[in-house]
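Chemist: Whatever this is, show me its structure:
(one chain, ligands or ions: 1)
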Amino acid sequence: MGKTILITGASSGIGKATTKKFQAKGWNVIATMRSPEKENELTSLDNVLVTKLDVQDLTSITNAIEEGIDTFGKIDVVLNNAGYGILGTFESVARENITRQFDVNVLGLFDVTRAVLPHFRKNKDGMFINISSVGGKTTFPMMQLYHATKFAVEGFSESLQYELGPIGVKVKIVEPGSIKTDFSGRSMDFQHNNELTEYNEFASGVMTTFEQLMSADNRNSPELVADVIYNAATDGTSTLRYIAGQDAEHLLEARRTMNDAEFLSMMKTNLNIK
Ligand code: NAP
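Modeler: The predicted structure follows:
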């Protein structure tokens, strides 16, 4: 029997492209999503189990893992991909929205990881591939909460690999740049309260720049990220980080080589903000 990957957030974008990539390469895929009843493309593929998993619902996590193991015998790789972003001024965001942002992007990833770990420990084998972002190392204005979640994913993953390495389990991080998916539409939660007038000029400037960036034709495809994920899963190394996209390569190189003042000044110039 071939290898098996479990993917969260497989309904669209990177998760869907990765499902198709691994399936085409002969893997079994447990393609999990919040609303599997709406999926009609992945359900027609051989060796793909489309099933429910909402990272905010522990029972759905354990059920999906059990069903996946029952169907394919074993899980070899988990892709923690589900996520979305709040774009807004921090003061405008209600506490419940902050909680949800961390629940999905961080605690949800922790819960999926904890639920699979007994299986990986028993097998003395397994791999977690955690989707961070170029925004796990660098920042864009008005995305402070999203960045906080992705910085958390980076720190969590890097530390976790110390304890899992000795028991045969690998942890990898994928850092995509700007990718053409539903992320900037359906998965973007815009939050700015215009009554906080001191921010209005800044917020509208950032929004204009953001819209230009998100409509740029040269954004990377989710298939490019799927290729990077496939390489991470199969290259046989213990490499921790994989960058997906030339824009991400350039930005992360700038972050590595510039000091804070130089980097922030470059960002403000490029983003046309004071
Ligand atoms: P996307 O097409 O909008 O996909 C987001 C996925 O997350 C959807 O399948 C969505 O499911 C799922 N999701 C949201 N909340 C969930 C929950 N509570 N439980 C389970 N699934 C949930 O966007 P994408 O670009 O592929 O995003 C995938 C990952 O890539 C995210 O972690 C994102 O932060 C990261 N990323 C994206 C970019 C980019 O530019 N696109 C760049 C760097 C990193 P529903 O269909 O149910 O809403």
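Chemist: May I have the residues that are in contact with residue 186?
Modeler: Remark: with contacts taken as C-beta atoms under 8 Å, 6 or more residues apart in numbering, residue 186 is in contact with residue 12. Backbone N, C-alpha and C define where each C-beta goes, glycine included.
Chemist: Backbone dihedrals for whichever residue of the stretch 51-200 of the chain sits closest to the ligand, please?
Modeler: When C-beta to the nearest ligand atom is the measure, the stretch 51-200 of the chain has its nearest residue to the ligand at residue 83, with 2.4 Å between them. In this entry, residue 83 is assigned phi and psi values of phi 180, psi 160 (degrees, to the nearest 10).
Chemist: which one is it nearest to, not counting chain neighbours?
Modeler: residue 105 (4.6 Å; C-beta to C-beta, 6 or more residues apart in numbering).
Chemist: residues in the chain within reach of the ligand, list them.
Modeler: Applying C-beta under 6 Å from any ligand atom, we find that the chain lies next to the ligand at 8-9, 11-15, 33-35, 54-56, 81-84, 104, 108, 131, 133, 176, 178-179, 181-183, 186-187, 222.
Chemist: Would you mind pulling the contact partners of the longest strand along the chain?
Modeler: As assigned by DSSP state E, the longest strand anywhere in the chain is strand 169-176. Strand 169-176 is contacted by residues 14, 117, 120-121, 124-134, 136-137, 153-154, 157-158, 160-161, 164, 220, 225, 228-229, 232-233, 238-245, 248, 252 when judged by C-beta under 8 Å, 6+ apart.
Chemist: picking up where we left off before, for PyMOL, write the selection for the buried entries among the residues of the chain next to the ligand.
Modeler: Buried residues among these (16 or more other C-beta atoms under 10 Å), as a PyMOL selection:
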select buried, resi 8+9+11+12+13+14+15+33+34+54+55+81+82+83+84+104+108+131+133+176+178+179+181+183+187+222
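Chemist: if we can go back for a sec, can you say which of the contacts of strand 169-176 are buried?
Modeler: 14, 117, 120, 126-134, 136-137, 153-154, 157, 160-161, 164, 220, 225, 228-229, 232-233, 241-245, 248, 252.
Chemist: Point me to the residue sitting closest to the centre of the protein.
Modeler: residue 131 (3.3 Å; C-alpha atoms, centre = their mean).
Chemist: does that one really touch residue 8, like I thought?
Modeler: No: with contact defined as C-beta atoms under 8 Å, residue 131 does not count as touching residue 8 (9.0 Å).
Chemist: Overlap in contacts, these two.
Modeler: Between them, residue 131 and residue 8 share the contacting residues 79, 80, 81, judged by C-beta under 8 Å, 6+ apart.
Chemist: Present those residues as TSV; the columns should include secondary structure.
Modeler: As requested, the shared contacts of residue 131 and residue 8 are arranged in TSV below (DSSP: H, G, I helix; E, B strand; the rest coil):
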residue	secondary structure
79	strand
80	strand
81	coil
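Chemist: re the thing from before, for the residue of the stretch 51-200 of the chain closest to the ligand, give me its contacts.
Modeler: Contacts of residue 83 were listed using C-beta under 8 Å, 6+ apart, and they are 9, 104, 105, 131, 149, 187.
Chemist: Helices - which of those residues land there?
Modeler: Here DSSP state H is the test, and the contacts of residue 83 give residue 149 as lying in helices.
Chemist: Farthest pair within the contacts of residue 83?
Modeler: Using C-beta to C-beta, the two most remote members of these are 9 and 149, lying 13.9 Å apart.
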